[in-house]
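> Pasting the sequence and the predicted model now:
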Amino acid sequence: MSIGTGRHQGLKAAAAATFVVFGINGLAFASWAARIPAVTETLRISSGQMGTLLLCTAVGSLLALPTAGFVVGRIGTANAVRTGGILAAAAAVGVAGSLFAASIPGTAVSLFFFGIAVGLWDVSQNIEGADVEHKMNRTIMPQFHAAFSGGAFIGAIVGAGLSNLGVGLPVHLLAIAGVVLLSTLVAPRYFLPHLARTVTAGEPKPASGPTAWRDGRTLLIGVVVLGATLTEGAGNDWIAKASVDGLGTSDSTGALMFALFVLAMTAMRFLGGRVIDAYGRVAVLRASMAAAAAGLCLFVLAGNVGLAAVGAALWGVGAALAFPMGMSAAADDPQHAAARVSVVSTLGYVSFLAGPPLLGYLGDLTGIHLALLAILAPILLALLLAGAARPLPVELKTAETGTGR
């Protein structure tokens with residue numbers, strides 16, 4: 001076997017492992033999100049109180065995200081994913097036990113640690129995905145995020161089926177904890193090797209977290225992602241509940257509506273790489289935000305399940321590509337990728353995780369169905385600022401990295 005062939009096979013193995021890690025992340029997330037109506041019933045809480053529980057996850061993630069780039073730099077993406085997976089599995093067991101006991105405080109604490117796990121896991125897998133993308137020299141980040149959506153679709157379908165069969169969420173979560181633990185311990189073995197980078201004389205040092213927070217382009221990309229990912233986070237957390245409350249559907253039908261939303265996202269993400277390469281990030285991001293706005297309005301304002309389902313699908317199509325495009329844009333310069341991906345992830349997760357709980361509070365006043373219309377404002381902001389995601393010129397990358405790449 002030639003060295004070139006070995007490197008190619010190693011790169012393919014790293015891509016496959018990254019795909020699996022993204023998929024298991026989505027499976028774990030949807031196993032919780034698709035059954036949020038069951039949580040409100042088990043704990044006997046309102047939408048606003050459910051929002052507070054979701055905020056516990058958000059706080060945990062927002063504490064972990066700013067330091068995740070530093071952690072990855074010290075222990076590598078493989079070990080960071082393993083750490084996140086172990087903590088996520090432990091938190092899932094905690095949530096299951098708390099639901100068995102109908103304990104709101106126990107659920108809140110467990111979700112806080114689940115949020116920390118998700119934050120570390122997410123940044124790590126995106127840095128690995130960006131590294132693989134750069135080495136493959138083609139747009140594949142949307143496909144990794146398609147794996148997340150595909151895992152979430154499977155999780156939603158399983159959740160709907162188990163809900164229909166009367167299987168409790170605690171049992172469901174215990175099984176998912178086992179899957180997460182096994183997958184995150186094994187798959188990272190095939191990640192690209194983690195090498196501590198040394199800076200040669202005269203070469204600029206890689207950006208640290210604080211430096212990345214002062215980079216204007218990175219912050220603008222973060223603001224775009226902040227607005228754009230709210231549409232994904234709101235759909236993930238509230239589309240099932242909004243279907244039950246606003247359309248009078250059953251819990252299982254609400255889970256299927258969420259599954260449709262995720263399926264549309266998954267399909268668009270699988271096609272997204274070719275679309276982005278053909279039309280460019282900025283044009284695709286703007287079209288995505290327009291589709292998300294149209295789908296959201298149709299879902300909320302439709303008077304029947306059929307039209308609402310069309311709206312949910314269009315909403316999913318619009319929500320599909322914003323986050324992966326933001327990750328690719330932040331990682332345009334490989335030398336600064338870890339710090340900048342960490343910054344953009346942090347800003348994006350402010351809306352992705354903290355936004356939906358705030359919608360829950362608004363839902364106590366207007367109903368969660370109508371409260372979803374509030375996300376039109378950040379969607380339009382993301383559309384207006386989409387130009388920030390324009391790829392860096394080749395000569396600027398070369399100047400920043402001090403290499404010929």
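Good, I have the coordinates.

> CA only for contacts and neighbour counts going forward, please
Fine.

> doesn't D131 make contact with P334?
Yes - with contacts counted by C-alpha atoms under 8 Å, P334 reaches D131, the gap being 7.4 Å.

> Name the residue in the two with the higher neighbour count.
Taking neighbours as other C-alpha atoms under 10 Å, P334 and D131 compare with D131 leading, 22 against 18.

> where's that one, which helix or strand?
For D131, the host element (DSSP states H and E) is helix 104-136.

> Quick one: name whatever helix or strand follows that helix.
Heading C-terminal from helix 104-136 (DSSP H and E), you reach helix 141-165.

> Roughly how far does T18 sit from D131?
10 Å (C-alpha to C-alpha, to the nearest Å).

> Which element, helix or strand, includes the spatially closest residue to V132 that is not a sequence neighbour?
Using C-alpha to C-alpha, 6 or more residues apart in numbering and skipping the chain neighbours, the partner closest in space to V132 is A15 (6.4 Å). For A15, the enclosing helix or strand under DSSP H and E is helix 3-33.

> What is the burial count for T18?
25.

> show me what contacts it?
Q125, E128, G129, F144, A187, P188, F191 (C-alpha atoms under 8 Å, 6 or more residues apart in numbering).

> The first one touches R82, doesn't it?
It stands for Q125. No - the pair Q125 / R82 is not scored as a contact, 10.6 Å apart, by C-alpha under 8 Å.

> Helices of the stretch 301-405 of the chain, start to end?
305-319, 322-330, 337-366, 368-371, 376-384, 394-401 (DSSP state H, counting those that start in this stretch).

> now the second one and helix 376-384, what's the angle there?
Between the direction of helix 322-330 and that of helix 376-384, the angle (axes from the mean of the first three to the mean of the last three C-alpha atoms, to 10 degrees) works out to 40 degrees.

> I176: neighbouring residues, count only.
22.

> Tell me the pLDDT of G202.
If you check G202, the pLDDT there is 47.

> wait, A58
pLDDT, read off for A58, is 80.

> Would you check how far apart it and V224 are?
Counting by C-alpha to C-alpha, the gap from A58 to V224 is 19 Å.

> With G151 instead?
25 Å.

> Between these two, point out the one with more neighbours.
A side-by-side neighbour count of G151 and V224, using other C-alpha under 10 Å, places V224 first with 30 against 27.

> OK, contacts around the more buried one?
G326, L381, A382, L383, L385, A386, A388.

> Distance to T77 added to those residues, as TSV?
Output for the contacts of V224, formatted as TSV (distance: C-alpha to C-alpha, whole Å):
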residue	distance to T77
G326	19
L381	32
A382	29
L383	32
L385	31
A386	29
A388	27
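
> any idea which of the residues you listed has the most stuff around it?
Neighbour-wise, these (other C-alpha under 10 Å) top out at G326, 30 neighbours.

> what's near enough to touch that residue?
I221, G222, V224, V225, V344, A389.

> switch to 7 Å and redo it
The neighbours of G326, taking C-alpha atoms under 7 Å, 6 or more residues apart in numbering as the test, are I221, V225, A389.

> okay but the first one is in contact with A388, surely?
What that stands for is I221. Yes - counting by C-alpha atoms under 7 Å, I221 touches A388, with 5.6 Å between them.

> which residues of the protein score low on pLDDT?
1-8, 194-210, 352-354, 394-405 (pLDDT under 70).

> M327 against V341, yeah?
Yes - using C-alpha under 7 Å, M327 makes contact with V341 at a distance of 6.1 Å.

> So for these two, which residue has more residues nearby?
More neighbours surround V341 than the other of M327 and V341, with 31 against 28 (other C-alpha under 10 Å).

> List the contacts of the more buried one.
Contacts of V341 by C-alpha under 7 Å, 6+ apart are V123, I127, M327, A330, A331.

> Now flag whichever of these is closest to N164.
Lowest distance from N164 to those (C-alpha to C-alpha) belongs to V123, with 34.6 Å.

> Tell me how far that closest one lies from A130.
V123 is 10 Å from A130, by C-alpha to C-alpha.

> out of the two, which sits in the busier spot?
More crowded of V123 and A130, by other C-alpha under 10 Å: V123, with 31 against 27.

> shouldn't the more buried one be in contact with A68?
Yes - taking C-alpha under 7 Å as the definition, V123 is a contact partner of A68 at 6.4 Å.

> Between those two, which contacts overlap?
S342.

> how far out from the middle of the chain is stretch 36-50?
The chain centre lies 23 Å from the centre of stretch 36-50; the measure is C-alpha atoms, centre = their mean, to the nearest Å.

> neighbouring contacts of that stretch?
A102, I104, K241, D251, G360, Y361, G363, D364.

> Mind putting these into CSV with distance to V262 and neighbour count?
Below are the contacts of stretch 36-50 laid out as CSV (distance: C-alpha to C-alpha, whole Å; neighbours: other C-alpha atoms under 10 Å):
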residue, distance to V262, neighbour count
A102, 29, 16
I104, 28, 19
K241, 15, 29
D251, 17, 22
G360, 20, 27
Y361, 24, 20
G363, 22, 20
D364, 25, 15
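
> Report the two of those separated the most.
A102 and G363 (23.2 Å).

> What's the local residue count around S288?
25.

> G303 now?
Counted with other C-alpha under 10 Å, G303 comes out at 12.

> next one: L192
Count around L192 with other C-alpha under 10 Å applied: 23.

> I'd assumed A14 was in contact with it.
Yes - the pair L192 and A14 passes the contact test of C-alpha under 7 Å, sitting 5.8 Å apart.

> returning to that earlier point: the helix holding D131 versus helix 322-330: what angle between them?
Using the same axes, to 10 degrees: helix 104-136 against helix 322-330 is 50 degrees.

> In which helix or strand does T83 reside?
helix 47-100.

> Good, wrapping up.
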